[in-house]
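Enquirer: Quick one, what's the 3D model for this:
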Amino acid sequence: MRTGEPLPAVGEVLTSLATGLWHWSTATGLVTVDAEAARLLGLPAEETVLTEAQTRARLHPVDWNEITGVVPLAVAEGTLAEVRIRIMDDRGRVVRVVRSRSKPSFDRAKKAYELIGTLQEVTEPRPGTPAGRTAVTGDWRRAREAFLLDAGRALAEARSTEEVLRVAAGLSMPGFSPDGLAVFGVEGDRLTIIGHHGQQPGDEGPFAQMSIHTDYPAAEVVRTGRAVYLSSPERYKERYPLTWPLASHFGRQSWAFLPLTVAGRTMGAWMAGFAYPVAFTPDERSVLTTVARMLAQALTRAGAAETQRELTDGLQRSMLPTLGPEIPGMTLAARYIPTGGGLQVGGDWYDMIPLPGGTPSGGGRFALVIGDVQGHDVRAAGLMGQLRIALRAYASEGHRPDAVLSRASGFFHGINHSEDGEDGDGAGLRFATCLYIEVDPVTGVLEAARAGHLDPAIRMADGTVLVRATAGGLPLGIDPDADYPTTRLALEPGEALMLCTDGLLETGGHDLDTGWRRIRKTLEAHEGDLEALADALVQAVHGPSSHHTTGPLADRREDDIALLLLCRQGEGGCGPGSPGAPVAARRPVRRSMLTVAQAEPERIAVARQQLRELLHDWTREDQVDSAVLLVSETLTNVLVHTDADALLVAEVTGAPGERRLRIEVTDTSDDLPHKRRPGELASSGRGLILIELLADTWGVAPRGEGKSIWFEIYEPGGSGDSGRPGGA
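Expert: Here you go, the predicted model:
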C-alpha cells in the first residue's frame, strides 16, 4: 500500500491478523461471528449467528463462567473485558486457546448487556510461569477460588470492625498480596480512616478528615463509585499530581482503590498498596473487586452489631439500677445476664427502692423488686421500663407491698390494652411476674407480696437453703383488681436472701424442679462473700460446669437471668466461709417461721415441706417423718379447736450428730389442750398421745394472750433425755 491510498477495510485488516469479530446481545440471546471468529470457534469459516447455548457448547464451562463474571466487572469499572477462553471440540478436548477483548455496555431499560469484541488465538502458557499466572485457567484459578472461599468465611465470622480489619490485613491473595491496606469511611463531605495496616502509627494523619473533593484516589472512588488502579508511581503522579507527595514516601509501586458499596450506596473506599509492580489484569481486578464487596458487607454487619450493642448496653444501664450506697448491717449483690443471642435486653429486671422515712444509707426501710415481663423483644423491654417506673412511684408514695402490686397490676393492665389497640384480638397482650419485698435492715423483718413469681430462697448461716413459701396472686396485668396478700419473713444474722427469675433455673434444659436442685447445690457448697456467690450462681448456669449439669428437657433455649442477693451481716459476715467469721459462728441456730391462718389450711402442707427442707441433713429419716407428723397434728389442732391463726417456729441447734429440734406452735386461744381417751372409731383426740410417744420432750406454755405447745426431738447421741417422753 502506498502513501495517500485509502486504508483497507477493518475486516480485511483483522482477517490478515487472524483476528475475528463477534457481537453478543443478552437481550436477544444471539451471538454473531464473522468467518475468522467462526473458524477459531471450530466452525466452518463463514459468518453465522449462534444462540448462547450453541456458543457455550464450544467453550470450556469454567471459562464461560469467567466471561459472565468479567463482563459486569468491566461495565462497573468502564474498562475492557479481557479473558482467555479454551475452545472445545465435540469430544470435549481443548483444540486451541483464544483471547477475547470486548467493550461491554449495559442497557438499563432492557436490563441487558451489549458486547462487541475480537477473538485472537494465543499460545497457552505453561502453569507456574509468570505468563501462566495471568491466564484464567490452571493452578492460579484454583488458588484464587480457594482464597475467595476462605476470605468470605473469615469476613463473615468477624463480629466487630476491629476483627474485620484484622482479617483483611491477614488476607494472602494468590500471587499479588498487598503490603499495605487502608479503609476509608465517609462522614458528611469528609473522608475518615476506619483502620489501616502496613503503615506506622500516625502515618494516617494527612489522609484523615480529607475532603471528598480532594484530588486523591480514595476521594475520587467515593465520588464516582468506580475503582482506580495505578500500576506504577509514574501513573500515580500523572493522574494525581497534587496528592502524590503524600503517597510517595511509602515506597510502593502499585495501588488499587476500590469502592465499598452496599445496596447501591458507596460507604467508603479500600486501598491496597503493593511493594512491587502489579499489572492489574482482569483476573486480579476481579479478585480485588470481590474482596471489596465482601469487606463492605462485613463492615456493614459489624457496624450494625456494634451499634446494637451500644444501644442495648445503654438501654440496659438506664433500666437496671445501681444498688445505691452501702446499707448498714446489710450486703447486696445483683446480676443481669441477657440471653445468648439476639437483643441483649429483655423483660427481666430488678430494683432497690428507698422507702419514705429514711434512705438505705441512713438505716431506713427499702424495697427489693424482681420481675419478668413476658417476651424477649423491644416491646418487652419497653413495658419493663414503664412497669419499673410505676412500681417506684407507688412504693415512694408509702403504700404497703400488697397495695403496691395491686396498683401496679392495674397500671400494667391499662398500658397493655392500650398498646394492643382498640381492634386488637388480645394476641399482643403481655403479663409480668413480680416479687416485691419490703426490708427493715434493723430487725431483718421482710414483708413480701408476690405476683406469679418464684418464691424467695434463704441460705441460712450454716449453709442450709430453704424456699420460703409466700402468699401470692395472679401475674400483673391479667386482672386489674387482683389482690396480693402479704407474707412476713425474718432474715436472721448471717442469712442470705436470693431472688431470681426463672432463667436462672430453667437454662440448659432444666425444669423448675431440676433447675432448683442444681442451684441449691451451688448455694450450699459456696464459701465466700456475696459477690463471689453471685458469680458462682451465674457460672453454674453459663460456665463450664453447666455443660455437665444439663437438664432432662430436649429444649436448650436460654432465657434472661436477673439475680438479687441480700445478706444480713452476722458476727463475722454473711454465712459460713465469710472472711473473718469465727468457728462458733459457722454453726448457728437454724430457724424457720411460718403463719397458718384459719382460711389457709393448705399451708399446713407448706409447713411440712419447709420442715423437711430444714432437716434435709438429719441423720435419722424416721425422726424427720415423726417431726413432720407432729407438726401436722399440732397445726391442725389449732385450726380445728380454736378460732385463731397458728404461728409455727422450728429451730435446730447444735453440731451434726448431737442436734436438737424444737418445734413451737403458738395461737391466741386460752383453751389448753388435754389428753383424751378416744375410742377405736373416734376421728380425733390422738394428737397429744402421738406427741408423747414420738417426741423426746414436750410441753404447753401459757402466754399473756394465748398459749404455745412445743416438743423437742434429739439426734441419736445428742444431749437430753433421748427416748424419754416428758409431760406437761
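Enquirer: What residues are bridge-paired with I337?
Expert: Per DSSP bridges, the residues bridged to I337 are I561.
Enquirer: what does A112 give?
Expert: Beta-bridge partners recorded for A112 (DSSP bridges): D107.
Enquirer: for Y436, same thing?
Expert: V369, A449.
Enquirer: how much space between it and H641?
Expert: 36 Å (Cβ to Cβ, to the nearest Å). The way it works is simple: take the backbone N, C-alpha and C, and place the C-beta from them, glycine included.
Enquirer: More neighbours: which of the two?
Expert: The neighbour comparison of Y436 against H641 (other Cβ atoms under 10 Å) goes to Y436, with 28 against 14.
Enquirer: Tell me how far that one lies from R459.
Expert: Relative to R459, Y436 is positioned 21 Å away (Cβ to Cβ).
Enquirer: Please apply the same query to R96.
Expert: To R459, R96 is 85 Å away according to Cβ to Cβ.
Enquirer: What is the least confident helix or strand in the chain?
Expert: Between all helices and strands in the chain, the lowest mean by mean pLDDT, DSSP states H and E belongs to helix 130-133, at a mean of 42.
Enquirer: Could you check how many residues crowd around F412?
Expert: That count, for F412 with other Cβ under 10 Å as the rule, works out to 26.
Enquirer: I389 is in contact with that one, correct?
Expert: No. Using Cβ atoms under 8 Å, F412 is not in contact with I389, being 11.5 Å away.
Enquirer: how about the helices in the stretch 401-550 of the chain?
Expert: Assigned by DSSP state H, counting those that start in this stretch, the stretch 401-550 of the chain shows helices spanning 401-420, 503-506, 512-525, 530-542.
Enquirer: For L694, find the nearest of those helices.
Expert: Closest to L694 of the helices of the stretch 401-550 of the chain is helix 512-525 (Cβ to Cβ; 28.4 Å).
Enquirer: Just the buried positions in that closest one, please.
Expert: 514-516, 518-520, 522-524 (16 or more other Cβ atoms under 10 Å).
Enquirer: Ok, stretch 33-52 next?
Expert: Applying 16+ other Cβ under 10 Å to stretch 33-52 flags 33-41, 48, 50 as buried.
Enquirer: just stretch 663-675 next, same as before
Expert: 663-667, 673.
Enquirer: Just give me the closest of those residues to G198.
Expert: So of the buried residues of stretch 663-675, ranked by how close each gets to G198 (Cβ to Cβ), first place is I663, at 78.8 Å.
Enquirer: packing partners for the strand or helix carrying the closest one?
Expert: In the assignment (DSSP states H and E), I663 maps to strand 660-667. Strand 660-667 sits against helix 621-641, strand 646-653, strand 707-714, with contacts defined as 3 or more Cβ pairs under 8 Å, 6 or more residues apart in numbering; DSSP states H and E.
Enquirer: any idea which of these is most buried?
Expert: Here the criterion is mean neighbour count by mean count of other Cβ atoms under 10 Å, and of the helices and strands packed on strand 660-667 the winner is strand 707-714, at a mean of 22.
Enquirer: Which strands and helices lie in contact with that strand?
Expert: Packing partners of strand 707-714 (3+ Cβ pairs under 8 Å, 6+ apart): helix 621-641, strand 660-667, helix 687-694, strand 697-702.
Enquirer: Let's test this: mean pLDDT of the third one, rounded?
Expert: Model confidence over helix 687-694, given as mean pLDDT, is 84.
Enquirer: Need the CA coordinates for that helix. CSV is fine.
Expert: Output in CSV follows, covering the C-alpha atoms of helix 687-694 (Å, rounded to 0.1, in the frame of the first residue of the first chain):
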residue,chain,number,x,y,z
GLY,A,687,-52.7,-35.6,118.9
LEU,A,688,-51.2,-35.4,122.4
ILE,A,689,-50.8,-39.2,122.6
LEU,A,690,-48.7,-39.1,119.4
ILE,A,691,-46.6,-36.2,120.8
GLU,A,692,-46.0,-38.1,124.0
LEU,A,693,-45.0,-41.3,122.0
LEU,A,694,-42.8,-39.7,119.3
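Enquirer: residues of that helix that come out buried?
Expert: For helix 687-694, burial by neighbour count (16+ other Cβ under 10 Å) applies to 687-688, 690-692, 694.
Enquirer: any idea of the angle it forms with strand 660-667?
Expert: Angle, helix 687-694 to strand 660-667, by axes from the mean of the first three to the mean of the last three Cα atoms, to 10 degrees: 170 degrees.
Enquirer: tilt between helix 687-694 and strand 707-714?
Expert: 20 degrees.
Enquirer: Numbering from 58 from now on, please.
Expert: Shifting the count to begin at 58 puts that one at helix 744-751.
Enquirer: how big is the angle separating helix 744-751 from helix 678-698?
Expert: If you take the same axes, to 10 degrees, helix 744-751 sits at 160 degrees to helix 678-698.
Enquirer: Tell me which other helices or strands helix 744-751 touches.
Expert: helix 678-698, strand 764-771.
Enquirer: Rebuild the ones you listed as JSON lines, extending it with distance to G627.
Expert: Formatted as JSON lines, the helices and strands packed on helix 744-751 follow (distance: least, Cβ to Cβ, whole Å):
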{"stretch": "helix 678-698", "distance to G627": "26"}
{"stretch": "strand 764-771", "distance to G627": "25"}
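Enquirer: Could you measure from W573 over to R392?
Expert: W573 is 18 Å from R392, by Cβ to Cβ.
Enquirer: Equivalent analysis for G245, please.
Expert: Taking Cβ to Cβ, one finds G245 at 42 Å from R392.
Enquirer: which of those two has more neighbours?
Expert: Comparing G245 with R392 by other Cβ under 10 Å, the one with more neighbours is R392, at 18 against 7.
Enquirer: host element of the spatially closest residue to A591 that is not a sequence neighbour?
Expert: Excluding its sequence neighbours, the residue lying closest to A591 (Cβ to Cβ, 6 or more residues apart in numbering) is A390, at 4.3 Å. Element membership for A390 (DSSP H and E) is strand 387-394.
Enquirer: tilt between the very next helix or strand once past that strand and helix 458-477?
Expert: Moving toward the C-terminus from strand 387-394, the next helix or strand (DSSP H and E) is strand 405-411. Here strand 405-411 points in a direction 140 degrees away from that of helix 458-477 (the same axes, to 10 degrees).
Enquirer: now for strand 405-411, which elements pack on it?
Expert: Helices and strands touching strand 405-411, as assessed by 3+ Cβ pairs under 8 Å, 6+ apart, comprise strand 387-394, strand 423-430, helix 435-453, strand 618-625.
Enquirer: hey, C-alpha coordinates of that strand in CSV?
Expert: Extracted C-alpha coordinates of strand 405-411, given in CSV (Å, rounded to 0.1, in the frame of the first residue of the first chain):
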residue,chain,number,x,y,z
ASP,A,405,-36.3,-9.2,83.2
TRP,A,406,-35.4,-6.6,85.8
TYR,A,407,-34.5,-5.9,89.4
ASP,A,408,-34.6,-2.8,91.6
MET,A,409,-33.9,-1.4,95.0
ILE,A,410,-36.2,1.4,96.1
PRO,A,411,-35.6,3.6,99.2
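Enquirer: So for it, mean pLDDT?
Expert: 88.
Enquirer: In the sheet, which strands lie alongside that strand, parallel or antiparallel?
Expert: Paired strands of strand 405-411, with direction, are strand 423-430 (antiparallel) (DSSP bridges).
Enquirer: and A656, how many residues sit next to it?
Expert: When neighbours are defined as other Cβ under 10 Å, A656 has 9 of them.
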